[in-house]
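*Asks:* Take this sequence and fold it.
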Amino acid sequence: MPDRDAESTGSLLGDSRLTIARRDVASLSREKTIVLALLIQLFIAAFSSFLVVGLTSLYDPGTVQASGIDIGVSGDATAELEEAAAAVDGVELTPYAERAQAMDGFQSRAVRGLLHAETVGGEIRVTATVPEGSIESTLVVVQLRSVLEELERTERIDRSEFLDEPPVSLPEETTSSPYFGFTYTVLVPLLLFLPPFISGSIAVDAITEEIERGTLELLRVAPVSLVDIIDGKALGMAILAPLQAILWIVLLGANGIAIRNVPALVLLVAATSVLVVVFGIVLGLLTGKRQQAQLLYSVLVIGAFGALALLPEHLATVAAKLAVGSATTVTTATVAGMAVSAVAVYVAMRRYVTRIDPERY
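*Replies:* From the prediction side, this is the model:
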């Protein structure tokens with residue numbers, strides 16, 4: 001027959017873990033920084049369809065269609081510049097006889113940028129002048145770049161008959177929305193991976209505060225072991241990120257941003273959350289000091305996330321491919337590898353905790 005005392009003790013310990021997890025999650029409402037971070041993410045996810053328009057202009061300034069930008073031109077290749085500018089929307093050229101006159105017009109803000117083109121040894125050399133760093137200068141640079149790209153394209157076509165060998169054919173132009181690229185390569189990964197990093201940071205605080213305040217010993221009087229305490233704290237912190245991810249995905253969908261492969265995305269976020277939470281807990285146990293552990297956590301996690309670029313597919317790329325519905329074999333293997341790694345790391349952490357002398361804290 002099963003041991004009833006053992007069963008009741010196991011049930012008690014299970015309830016104790018959940019109690020610790022609920023207590024830690026409830027305590028987050030008192031952390032103003034964490035609450036503010038969650039509210040910012042909630043705002044971004046809830047109003048993503050509106051925010052993406054403004055954010056895309058920062059991600060790709062070329063998406064901003066400026067109208068009527070006056071550009072002063074001078075030099076003996078003005079005609080070539082005028083021909084190139086005619087193919088670019090939103091650019092109006094004002095020719096000047098001399099470069100000094102063009103500079104005077106720029107200083108008096110009669111024009112917002114300058115292009116001085118001279119023919120030297122059969123080559124057209126162009127010098128561009130734009131306002132000092134500002135939003136205006138960004139728009140001017142984007143338009144000037146379009147004019148110069150068109151000038152280069154025109155000159156290549158005009159001079160191709162003088163080449164000894166035919167030029168390499170240009171790839172066919174493709175039309176893609178910058179909003180699509182920004183949404184799935186920046187916004188979605190940001191909303192999915194920021195919650196795990198926050199959860200790991202909270203896990204550091206949850207452990208170090210108990211140690212510094214001396215309340216970890218009081219928890220062990222429950223009666224629960226150190227492993228049970230760590231299980232409860234890890235559960236409370238690790239479950240937050242996938243729950244947030246599900247909420248963000250629902251809100252993105254409400255904004256007309258379709259997210260595919262939701263189960264795989266949630267699994268990826270959950271695995272990442274477990275990994276960083278375990279890392280934060282171990283750092284907290286090793287250092288016992290909140291400030292020191294948080295510094296190490298921030299530096300090492302950022303470094304580790306950057307080092308993931310060595311993988312065949314970075315986690316941000318994996319999330320983007322899953323969300324857009326273009327997952328490959330490598331993408332699926334990465335998600336599976338993260339899930340297996342999370343389980344292995346969690347088991348290793350529990351074994352480490354069992355070897356710690358509880359009297360140490």
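
*Asks:* any weak-confidence spans in the protein?
*Replies:* Within the chain, the stretches with pLDDT under 70 are 1-15, 26-35, 37-38, 44-68, 133-136, 167, 169-179, 215-223, 357-361.

*Asks:* Tell me where it has strands.
*Replies:* Using DSSP state E, the strands found in the chain span residues 69-74, 91-95, 113-120, 123-129.

*Asks:* and those strands, which is most packed in?
*Replies:* Comparing the strands of the chain by mean neighbour count (mean count of other C-beta atoms under 10 Å), strand 69-74 ranks first with a mean of 22. All C-beta atoms are positioned from the backbone trio N, CA, C, and that covers glycine.

*Asks:* Extract the C-alpha set from it and format it as PDB.
*Replies:* Provided in PDB are the C-alpha atoms of strand 69-74 (Å, rounded to 0.1, in the frame of the first residue of the first chain):
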ATOM      1  CA  ILE A  69      12.600  69.000 -51.200                       C
ATOM      2  CA  ASP A  70      14.600  71.800 -52.900                       C
ATOM      3  CA  ILE A  71      18.100  70.700 -53.800                       C
ATOM      4  CA  GLY A  72      20.700  73.200 -55.200                       C
ATOM      5  CA  VAL A  73      22.900  71.900 -58.100                       C
ATOM      6  CA  SER A  74      26.100  73.300 -59.600                       C
END
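
*Asks:* Can you give the contact residues for it?
*Replies:* Residues from elsewhere that reach strand 69-74, judged by C-beta atoms under 8 Å, 6 or more residues apart in numbering: 81-82, 85, 90-99, 101-102, 105-106, 110-117, 139-140, 143-144, 147.

*Asks:* repeat that with 6 Å
*Replies:* 81, 90-96, 99, 102, 105, 111-116, 143 (C-beta atoms under 6 Å, 6 or more residues apart in numbering).

*Asks:* Check stretch 184-195 too.
*Replies:* Contacts of stretch 184-195 (C-beta under 6 Å, 6+ apart): Ala45, Ala241, Gln244, Ala245, Trp248, Val269, Ala316, Ala319, Ala320, Ala323, Val324.

*Asks:* ok, so what distance separates the nearest residue to Glu83 once chain neighbours are set aside from Ala77?
*Replies:* In space, and not counting its chain neighbours, Glu83 is closest to Thr154: 6.5 Å by C-beta to C-beta, 6 or more residues apart in numbering. Here Thr154 is placed at a distance of 12 Å from Ala77 (C-beta to C-beta, to the nearest Å).

*Asks:* now do Val274
*Replies:* Val274 sits 62 Å away from Ala77, going by C-beta to C-beta.

*Asks:* So between those two, which is more surrounded?
*Replies:* Val274 (28 against 21; other C-beta atoms under 10 Å).

*Asks:* Would you confirm that the more buried one contacts Ala238?
*Replies:* Yes: under the criterion of C-beta atoms under 6 Å, Val274 makes contact with Ala238 at 5.0 Å.

*Asks:* one step back: okay if I get the strands of the chain as TSV plus distance to Gly232?
*Replies:* Listed next are the strands of the chain as TSV, based on distance: least, C-beta to C-beta, whole Å:
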stretch	distance to Gly232
strand 69-74	61
strand 91-95	63
strand 113-120	62
strand 123-129	62
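
*Asks:* How many residues are close by Ala21?
*Replies:* 19.

*Asks:* Same question for Arg145.
*Replies:* A count of nearby residues for Arg145, using other C-beta under 10 Å, gives 14.

*Asks:* Look up how far Ile71 lies from it.
*Replies:* For Arg145, the distance to Ile71 - C-beta to C-beta - is 12 Å.

*Asks:* any idea what sits nearest Ala327, other than its immediate chain neighbours?
*Replies:* Lys321 (5.1 Å).

*Asks:* could you pull out the helices for the stretch 1-150 of the chain?
*Replies:* 4-27, 32-46, 48-59, 78-85, 99-107, 135-159 (DSSP state H, counting those that start in this stretch).

*Asks:* and if you look at the stretch 251-361 of the chain?
*Replies:* Secondary structure of the stretch 251-361 of the chain, counting by DSSP H, counting those that start in this stretch: helices at 262-287, 290-307, 315-324, 329-354.

*Asks:* And the first one, what does it pack against?
*Replies:* Helices and strands touching helix 262-287, as assessed by 3 or more C-beta pairs under 6 Å, 6 or more residues apart in numbering; DSSP states H and E, comprise helix 188-213, helix 226-238, helix 240-254, helix 290-307, helix 329-354.

*Asks:* Could you give me the buried positions within the fourth one?
*Replies:* By neighbour count with 16 or more other C-beta atoms under 10 Å, helix 290-307 contains the buried residues Arg290, Ala293, Gln294, Leu296, Tyr297, Val301, Phe305.

*Asks:* So what sits opposite the closest residue to Leu144 other than its chain neighbours in the bridge?
*Replies:* Excluding its sequence neighbours, the residue lying closest to Leu144 (C-beta to C-beta, 6+ apart) is Ala128, at 5.3 Å. As for beta bridges, Ala128 partners with Leu115 under DSSP bridges.

*Asks:* count of residues packed around Ser137?
*Replies:* Neighbour count for Ser137, taken as other C-beta under 10 Å: 14.

*Asks:* how far away is the nearest residue to Leu311 once chain neighbours are set aside from Leu190?
*Replies:* Among residues not flanking Leu311 along the chain, Thr334 sits closest, at 6.8 Å (C-beta to C-beta, 6+ apart). Distance, Thr334 to Leu190, using C-beta to C-beta: 18 Å.

*Asks:* gap between the residue nearest to Leu275 when sequence neighbours are not counted and Val186?
*Replies:* In space, and not counting its chain neighbours, Leu275 is closest to Ala342: 5.4 Å by C-beta to C-beta, 6+ apart. Separation of Ala342 from Val186 (C-beta to C-beta): 25 Å.
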